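Undergrad: below: sequence and its predicted model.
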Amino acid sequence: MVTENLKIVEDKIANACARANRERREVTLIAVSKTKPVEMIQEAMNSEITIFGENKVQELVKKQEILPKNLKWHMIGHLQRNKVKQLVGKVERIHSVDSIRLAEQIQNDYEKQGEIANILIEVNIAKEESKFGLMPEETEEVIRKIAVFPNIRVKGLMTIAPFVENPEDNRLHFRNLRKLLVDINAKNIDNINMHELSMGMTGDYEVAIEEGATFVRVGTGIFGNRIYM
Ligand SMILES: *Cc1c(COP(=O)(O)O)cnc(C)c1O
């Protein structure tokens, strides 16, 4: 199932890139393996997938210990400060930094181990009440403060768009996230030159690619529905 699904996802990514006049290599697929067993990850590995996204620190670390070392792991879920030290040196990106307090914790824990954290700032671009993430208006101010942390590199912005039936309904949100990135880059803040946009999930990644996504986070579309117990 995973192999077939990945073919479909890969086709859709390639087509979305073509429609947007973008190169396929500008977009990185993150296979979101949360709640799924290592056997399914191994099946994805057989289709040349090497980047996996998880939303729980413990699950990420456990899977990483079992699986080959060439895989790259991305922390995409809400991150509690007391869990940061377990992530140091283990993830290629933390997608979900949404406060200065969390960034301070990352700075301290990474500094202790002499590591650099590559992070994305999570923005609640549609201003949904129930969502994590910074409001668009406060994002620049928070980035200015995080910019001075020596062990953190701010690589870009991330958003979880609203759950919608029609992916077109999220197009404006994706466009707005890209605009926010361009606008903040234009302020020429020291140490801030962002190139990454993590946006688009199973329901809307094609629209996200058309609007400039560089990371798409696809779970269900690759591994099937998740069962939570
Ligand atoms: C679960 C999750 C995804 C993947 O969602 P799908 O709709 O299954 O593709 C993407 N991003 C984040 C932050 C997630 O928690």
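TA: Arrived safely, thanks for sending.

Undergrad: and the helices in this protein?
TA: For the chain, the helices defined by DSSP state H occupy 2-19, 38-46, 57-66, 100-112, 136-146, 171-185, 205-210, 220-223.

Undergrad: which strands and helices lie in contact with the fourth one?
TA: Read it as helix 100-112. strand 93-97, strand 117-122, helix 136-146, strand 152-158 (3 or more CB pairs under 8 Å, 6 or more residues apart in numbering; DSSP states H and E). C-beta: built from backbone N, CA, C; applies to glycine.

Undergrad: mean neighbour count, mean pLDDT and distance to Ser198 added to those, as JSON lines?
TA: Listed next are those as JSON lines, based on neighbours: other CB atoms under 10 Å; pLDDT from 0 to 100; distance: least, CB to CB, whole Å:
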{"stretch": "strand 93-97", "mean neighbour count": "25", "mean pLDDT": "98", "distance to Ser198": "5"}
{"stretch": "strand 117-122", "mean neighbour count": "24", "mean pLDDT": "98", "distance to Ser198": "5"}
{"stretch": "helix 136-146", "mean neighbour count": "16", "mean pLDDT": "98", "distance to Ser198": "14"}
{"stretch": "strand 152-158", "mean neighbour count": "23", "mean pLDDT": "98", "distance to Ser198": "4"}
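
Undergrad: wait, which of those is closest to the ligand?
TA: Closest approach to the ligand among those (CB to the nearest ligand atom): strand 93-97, 6.7 Å.

Undergrad: quick one: contacts for Arg144?
TA: When contacts are counted by CB atoms under 8 Å, 6 or more residues apart in numbering, Arg144 touches 189, 192.

Undergrad: would you mind giving the helices and strands packed on helix 100-112 as CSV with distance to Val9 added?
TA: Below are those laid out as CSV (distance: least, CB to CB, whole Å):
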stretch, distance to Val9
strand 93-97, 19
strand 117-122, 21
helix 136-146, 29
strand 152-158, 19
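
Undergrad: need the ones you listed in JSON lines with distance to the ligand, can you?
TA: Putting those into JSON lines (distance: least, CB to the nearest ligand atom, whole Å) gives the following:
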{"stretch": "strand 93-97", "distance to the ligand": "7"}
{"stretch": "strand 117-122", "distance to the ligand": "9"}
{"stretch": "helix 136-146", "distance to the ligand": "17"}
{"stretch": "strand 152-158", "distance to the ligand": "8"}
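
Undergrad: and the helices of the chain, which is most packed in?
TA: helix 205-210 (a mean of 24; mean count of other CB atoms under 10 Å).

Undergrad: and that one, average pLDDT?
TA: The pLDDT scores in helix 205-210 average 98.

Undergrad: can you tell me how far Asp11 sits from Ala31?
TA: 16 Å (CB to CB, to the nearest Å).

Undergrad: do the same with Ile152
TA: From Ile152 to Ala31 the distance is 26 Å (CB to CB).

Undergrad: same check on Ala14?
TA: Taking CB to CB, one finds Ala14 at 16 Å from Ala31.
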